[in-house]
Structures are given as C-alpha cells and as structure tokens.
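**Student:** model this:
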Amino acid sequence: MRRSVIVGVDRSARSRTAASWATREALRRGLPLKVVHVSALSPDELAKLWPYRPVPLPGTVVEELAGRHPGLDIEGVRLTGPATRSLLDLPASADLLILGTRGADGFAGLALGSTALGVAEACRCPVVLVPSRLAHQRTDSRPEVVTLGINAREPVEAAVDFAFDAAMRANLRLRALHAWALPTPAAAWMPFPVPEEDRARWETHEEQLLADALRPWKEKYPRVRVLQEVVLHSPSDALVRASARAELIVVGRRQAKLGPTASALVHHTQRPVTVVPQ
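**Tutor:** Numbering: from 1, shown residues only. So this is what the prediction gives:
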C-alpha cells in the first residue's frame with residue numbers, strides 16, 4: 001500500500017488552512033496527498049435532501065490545491081459515516097494525518113473539536129492538529145525551530161525520531177525542551193527557597209538526562225542542529241511559551257488519551273501540534 005499524507009477537510013476556513021499545511025508536508029516528503037471529506041449522509045441521500053445543491057467537497061479543495069501545485073500527486077476521497085471512526089480507519093499507510101483543531105460544526109470559541117480530539121487520542125500514525133488561529137496569523141519572520149517536548153526520563157522514542165526528521169526536512173534547528181520539577185520532598189518541607197547549589201546540582205542532572213536521551217538521534221541525524229533546553233516549569237506552560245517561533249511542536253502519546261501537556265498546547269498555542277503515538 002502506498003504511503004501518503006492525509007488531510008481531513010470540511011466547509012470551514014480552518015480546514016483549508018490544514019489542507020495548505022498538508023500540501024507543503026506532502027511535497028517535502030515526496031508523497032501523494034489524500035484530501036478526505038467525511039459526511040454522515042451518502043451522496044444519494046444528500047441529493048434527495050438538496051437536489052439543486054451539489055456537494056463539491058472534497059473536489060473543490062483538490063482542484064484548488066492542484067492548481068497551485070501542478071506537480072503534486074493529489075486525490076480526493078469521500079467517505080460516509082461517523083467522522084472520527086472513518087478517519088481512524090484510513091491511515092494504515094499514512095505518514096501523517098492532518099486536521100484542523102475544530103471543524104465547521106461545534107461551539108464558537110471551542111479550541112478543540114470532538115473529531116480532532118478523538119483522532120489524536122486513538123490514531124496509529126502521527127496526527128498534526130492545525131489551530132484555528134493559524135488561519136488569521138500574519139508573521140513577517142520565518143519560524144526558527146521545530147520544538148520537541150520530551151520527558152528525558154521516559155522519552156517517547158517515536159516522537160523524538162519524528163521531531164528530528166521534521167527538523168531535517170525543514171532545514172530548521174530542533175529545540176528539545178525538557179521540563180522538570182524540584183524533588184518532591186525538598187519542595188514540600190523546605191520553608192525557604194531551595195539553596196542555589198542544590199538547584200544547580202539538580203539542574204545539571206536533568207541536563208545530563210536530556211543529553212543521554214537525545215544522543216542516539218543526534219548520531220542518526222548529524223545534520224540537525226539541536227538546542228537542548230531544561231526548564232524548571234510545568235511541561236505545558238514551558239511548551240506554550242516556547243512555541244511562538246516554532247514551525248511545529250511535537251509531543252508523544254503513550255496511552256489512548258491526549259494528556260494534559262498536548263491538551264494545553266492545542267488550546268493555547270498558535271502553532272501546529274503533532275501528537276505521535278509510541
């Protein structure tokens with residue numbers, strides 16, 4: 001089965017932003033792009049409900065992208081059924097599945113829609129969630145890095161590999177960010193600030209953990225410039241703060257849930273977030 005990049009689209013401007021982002025990734029990877037639209041009704045059922053209103057999706061998106069990128073191998077796919085289940089059944093050969101963080105339906109102001117959440121929590125391939133605000137964001141400067149959120153004690157290896165590969169393809173630096181906390185006993189019983197020498201010792205230990213966790217991938221991807229950063233902060237806050245100049249933020253997923261760090265990211269960052277399953 002051919003490898004591909006898949007993007008889900010609906011009638012929202014947000015999905016057009018996701019489709020543009022997916023196009024760039026397909027071109028970078030030299031892979032075909034599948035533009036998928038899922039409807040609860042079949043074409044025949046839709047024709048009976050709205051006989052004078054053709055449903056152009058995903059055809060109009062395919063035509064628009066093909067017109068801008070004539071060399072792109074692009075295919076439109078129309079599916080009938082529940083959106084989340086239909087999308088989860090697709091990516092047996094997909095390198096990436098890309099969605100807007102929410103679609104045309106849902107409540108105003110909702111940062112993450114049910115389809116995006118369901119797919120990100122259960123998909124077998126990496127899922128890129130493109131935030132709604134990206135459609136309205138204007139910037140005069142090119143993003144500088146790919147940011148990887150990593151737990152140096154228990155890294156999700158697939159996420160580390162994905163982040164290095166993404167940085168190499170984009171010719172960007174990789175910012176590997178490891179957030180840590182003071183040892184629980186010390187933080188609990190000390191009635192005064194932690195002595196500077198203790199904090200420095202603990203921080204040095206965290207830096208060594210991060211260096212050890214990244215070493216195999218630095219050897220595998222020698223061309224990738226890596227910025228290793230250890231911060232005394234919560235992982236979600238640290239990543240949101242670090243995301244402003246990132247082209248992409250990469251986090252891992254170990255279980256069938258999004259997790260607090262990834263959830264906070266998609267609610268508060270303006271940059272695309274990739275959730276990579278272990």
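**Student:** leaving out chain neighbours, which residue sits closest to Gly103?
**Tutor:** Counting by CB to CB, 6 or more residues apart in numbering, the nearest residue to Gly103 once its immediate chain neighbours are dropped is Asp10, at 4.7 Å. Using the backbone N, CA and C atoms, a C-beta is placed for each residue, glycine as well.
**Student:** you'd agree that neighbour is up against Leu99?
**Tutor:** No. Contact criterion CB atoms under 8 Å: Asp10 and Leu99 do not qualify, at 9.8 Å.
**Student:** more neighbours: which of these two?
**Tutor:** Leu99 (29 against 22; other CB atoms under 10 Å).
**Student:** remind me, longest helix of the protein?
**Tutor:** Counting by DSSP state H, the longest helix found in the chain is helix 196-220.
**Student:** and that helix, what does it pack onto?
**Tutor:** helix 157-170, strand 173-180, strand 226-232 (3 or more CB pairs under 8 Å, 6 or more residues apart in numbering; DSSP states H and E).
**Student:** for Asp95, give its distance to Glu219.
**Tutor:** 23 Å (CB to CB, to the nearest Å).
**Student:** more crowded one of these two?
**Tutor:** With neighbours defined as other CB under 10 Å, Asp95 and Glu219 compare such that Asp95 has more, 17 against 8.
**Student:** please identify the helix or strand for that one.
**Tutor:** Using DSSP states H and E, Asp95 falls within strand 94-100.
**Student:** go ahead and confirm Ala176 touches Arg225.
**Tutor:** No. Counting by CB under 8 Å, Ala176 stays clear of Arg225, with 11.1 Å between them.
**Student:** looking at the two, which is more packed in?
**Tutor:** Neighbours per residue, other CB under 10 Å: of Ala176 and Arg225, the larger number sits with Ala176, 29 against 14.
**Student:** tell me how many other residues crowd Leu209.
**Tutor:** The local packing of Leu209 (other CB under 10 Å) involves 18 other residues.
**Student:** cool, Leu79 as well?
**Tutor:** Leu79: 18 neighbours (other CB under 10 Å).
**Student:** just checking, it touches Val36?
**Tutor:** Yes. In terms of CB under 8 Å, Leu79 counts as a neighbour of Val36; the distance is 6.4 Å.
**Student:** overlap of the contact sets of those two?
**Tutor:** Leu90 (CB atoms under 8 Å, 6 or more residues apart in numbering).
**Student:** let me know the pLDDT of Arg133.
**Tutor:** At Arg133, the model reports a pLDDT of 66.
**Student:** which residues does stretch 221-230 contact?
**Tutor:** 145, 164-165, 167-168, 173-180, 203, 206-207, 210-211, 214, 218, 242.
**Student:** quick one, which of those are buried?
**Tutor:** 145, 164-165, 167-168, 174-180, 206-207, 210-211, 214, 218, 242 (16 or more other CB atoms under 10 Å).
**Student:** wait, what's in contact with Gln278?
**Tutor:** Neighbouring residues of Gln278 by CB under 8 Å, 6+ apart: Val156, Glu157, Ala158, Ala159, Gly252, Arg253, Arg254.
**Student:** for the stretch 51-200 of the chain, give me the ranges with low pLDDT.
**Tutor:** Scanning the stretch 51-200 of the chain for pLDDT under 70 picks out 51-56, 104-111, 133-142, 184-195.
**Student:** now do the helices in it.
**Tutor:** 59-68, 83-88, 114-122, 157-170, 184-189, 196-220 (DSSP state H, counting those that start in this stretch).
**Student:** okay if I get those helices as TSV plus distance to Arg3?
**Tutor:** Formatted as TSV, the helices of the stretch 51-200 of the chain follow (distance: least, CB to CB, whole Å):
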stretch	distance to Arg3
helix 59-68	19
helix 83-88	17
helix 114-122	19
helix 157-170	14
helix 184-189	45
helix 196-220	20
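**Student:** how much space separates Pro155 from Leu99?
**Tutor:** The value you get for Pro155 to Leu99, if CB to CB is used, is 25 Å.
**Student:** in stretch 83-91, which residues are buried?
**Tutor:** Residues of stretch 83-91 classed as buried: Ala83, Thr84, Ser86, Leu87, Leu88, Leu90, Pro91 (neighbour count, 16+ other CB under 10 Å).
**Student:** wait, the last one sits on Pro126?
**Tutor:** No. Shown here, Pro91 and Pro126 do not form a contact pair, counting by CB under 8 Å, at 9.2 Å.
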